[in-house]
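Engineer: got a predicted model here, sequence first, then my questions.
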Amino acid sequence: MAFLDFHFFSETLGLTCAAHVLIPQPTLRQIGSVGGARREKYPTLYLLHGLSDDHTIWMRRTSIERYAAERNLAVVMPAVGRSFYQDTAGGAKYWTFVSEELPALCEQFFPLATAREQRFAAGLSMGGYGALRLGLACPERFAAAASLSGALDLARRLREAGREGALMNRAEYTGIFGPELRGAGTAADLFFLAEKLAASPAPRPALYVACGTEDALLGESRAFHAHLDQLQIDATYRESPGAHDWRCWDEEIQRVLAWLPV
């Protein structure tokens, strides 16, 4: 694999951004390396980080480079700060950046496939929310989306903003979502997006929802999976022993890569 520390200017955000990018490199001579067949364009996974992390975390905490090499898969890992993958009330359009500008830029600079069938998303915690939003809101552009320990119930999170144990304080939520803290029934609500998808003729992405049985966010994965079931939207659902930690995510991302329709 080729590993690129990609720095570029985002017109959407008005600032220089960063992403880690992995591109398959067929090789016969590198000891201990697995090289797949050379392709003109590679299927691509947009792999999203959680609330307290950045674009470096998947490379630092897992063997994603080795796992992706075995699948002959490109991986793009962007930084979005603590934006919750939103076009924020303060004006920073991180949702537009990650859903539109980032794929377009990466497909311009790198040999990445542009077909829906070869574009995927996955992430952990806040990134699990972001990945499912990409799949549900952009089903014509993403063929699969996977959530690991996802923070999936945005409406409840905003209703409970300011309570002890919340992921963010109320001021931070307000900076992202505005003073009304409205989530339910909006384009940022995964439950609402699933309902829209169920009622539309759009292609349905493959969905994967996983969480550890000792994870505080387990209830959100269960509730969202039950909602998908009620809407008759197929999804792969997994619970396995584990907490909200990298031991669990390192194991689960390997299952996600094996599940992807590559």
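Structural biologist: It's in.

Engineer: okay, now the unreliable bits of this protein?
Structural biologist: For the chain, residues meeting the criterion pLDDT under 70 lie at 28.

Engineer: for it, what spans make up the helices?
Structural biologist: Counting by DSSP state H, the chain forms helices over residues 57-61, 64-71, 94-96, 102-109, 126-137, 154-159, 170-177, 190-198, 218-230, 246-259, given from the N-terminal end onward.

Engineer: check which residues of the fourth one are buried.
Structural biologist: It refers to helix 102-109. For helix 102-109, a neighbour-count test (16 or more other C-beta atoms under 10 Å) marks Leu102, Pro103, Leu105, Cys106, Glu107 as buried. Quick note: C-beta positions are derived from backbone N, CA and C, even for glycine.

Engineer: quick one: which of these is nearest Tyr67?
Structural biologist: Minimum distance to Tyr67 across these is 19.3 Å, recorded for Cys106 (C-beta to C-beta).

Engineer: quick check, nearest of the buried residues of helix 102-109 to Ile64?
Structural biologist: Ranking the buried residues of helix 102-109 by separation from Ile64, with C-beta to C-beta as the measure, puts Cys106 on top at 16.3 Å.

Engineer: so for stretch 114-129, what gets flagged as buried?
Structural biologist: Buried residues in stretch 114-129, defined by neighbour count with 16+ other C-beta under 10 Å: 116, 118-129.

Engineer: over to stretch 45-58?
Structural biologist: Taking 16+ other C-beta under 10 Å as the neighbour-count basis, stretch 45-58 is seen to contain the buried residues Leu45, Tyr46, Leu47, Leu48, His49, Gly50, Leu51, Asp53, Asp54, His55, Ile57, Trp58.

Engineer: out of those residues, which comes closest to Leu167?
Structural biologist: For the buried residues of stretch 45-58, the closest approach to Leu167 (C-beta to C-beta) belongs to Leu51, at 5.9 Å.

Engineer: OK, contacts around the nearest residue to that closest one once chain neighbours are set aside?
Structural biologist: When the adjacent residues along the chain are set aside, Leu51 lies closest to Met126, with 4.4 Å between them (C-beta to C-beta, 6 or more residues apart in numbering). When the contact criterion is C-beta atoms under 8 Å, 6 or more residues apart in numbering, the partners of Met126 are Leu48, His49, Gly50, Leu51, Arg82, Phe84, Tyr85, Ala151, Leu167.

Engineer: highest mean neighbour count out of the helices of the chain?
Structural biologist: Here the criterion is mean neighbour count by mean count of other C-beta atoms under 10 Å, and of those the winner is helix 126-137, at a mean of 28.

Engineer: tell me the angle of it relative to helix 190-198?
Structural biologist: Following axes from the mean of the first three to the mean of the last three C-alpha atoms, to 10 degrees, one obtains 20 degrees for the angle between helix 126-137 and helix 190-198.

Engineer: understood, closing this out.
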